[in-house]
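S.K.: take a look and give me a structure for this.
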Amino acid sequence: MVGNEAWIARVKVWIERDFTNLSNTGYEITSPDTIDYNCIAWAAEDNERWWWPDSQNIDYWPAGVPREVTLNAFIQAYQTIGYEVCDRPNLEPGFQKIAIYADSAAKPTHAARQLPDGKWTSKLGQDEDIQHETLEGLVGENYGNVACIMRKNIKCPTQQ
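M.R.: Below you'll find the model as predicted:
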């Protein structure tokens with residue numbers, strides 16, 4: 001990200017403190033912090049709403065999907081926009097993939113979206129967006145482990 005080098009250095013301090021694997025796997029900051037959307041929305045390519053299954057109906061959540069913080073509910077939420085569960089995070093022509101992270105109690109904590117070059121993009125809560133080389137970069141105490149990979153069919157540039 002092009003920007004103030006001092007600001008980038010300050011942001012990297014907390015990112016690398018909270019996500020120690022990123023230093024080893026590689027990442028870059030791609031946009032400044034915002035409270036307009038979160039990681040769950042960002043993975044769904046929605047940068048205008050905060051997606052979360054809160055019980056007070058304050059945040060956006062797809063209609064008909066249980067408002068509960070369970071892996072099944074998050075899978076159902078992404079199914080409403082065309083995703084299906086798959087078994088591998090590898091880049092696959094014709095598909096866009098997302099990864100749902102969950103803590104040790106299997107509660108979803110984060111989602112990342114695969115980019116066309118095979119790298120991943122994440123929104124760190126209400127903070128910055130980053131591009132990271134691997135899913136392992138965010139594995140750890142804050143987000144837990146990758147619990148589910150999903151994909152949706154997209155039109156390839158070579159398809160007519």
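S.K.: looking at the chain, which helix is longest?
M.R.: If you go by DSSP state H, the chain has its longest helix at helix 5-18.
S.K.: what's it packed up against?
M.R.: Packing partners of helix 5-18 (3 or more C-beta pairs under 8 Å, 6 or more residues apart in numbering; DSSP states H and E): helix 21-25, strand 27-31. Every residue, glycine included, has its C-beta placed from N, CA and C.
S.K.: which one, of those, ends up nearest to residue 129?
M.R.: Nearest to residue 129, of all the helices and strands packed on helix 5-18, is strand 27-31, at 4.3 Å by C-beta to C-beta.
S.K.: quick one: the longest helix of the chain to strand 27-31, angle?
M.R.: Put simply, helix 5-18 runs at 120 degrees to strand 27-31, going by axes from the mean of the first three to the mean of the last three C-alpha atoms, to 10 degrees.
S.K.: what comes into contact with helix 5-18?
M.R.: Applying C-beta atoms under 8 Å, 6 or more residues apart in numbering, the external contacts of helix 5-18 come out as 1, 22-23, 27, 29, 124, 127-128, 130, 142.
S.K.: which of these has the weakest pLDDT?
M.R.: Lowest in pLDDT among the contacts of helix 5-18 is residue 1, which has 42.
S.K.: check the contacts of helix 5-18 and tell me the two furthest apart.
M.R.: It's 1 and 142 that sit farthest apart of the contacts of helix 5-18, by C-beta to C-beta, at 21.4 Å.
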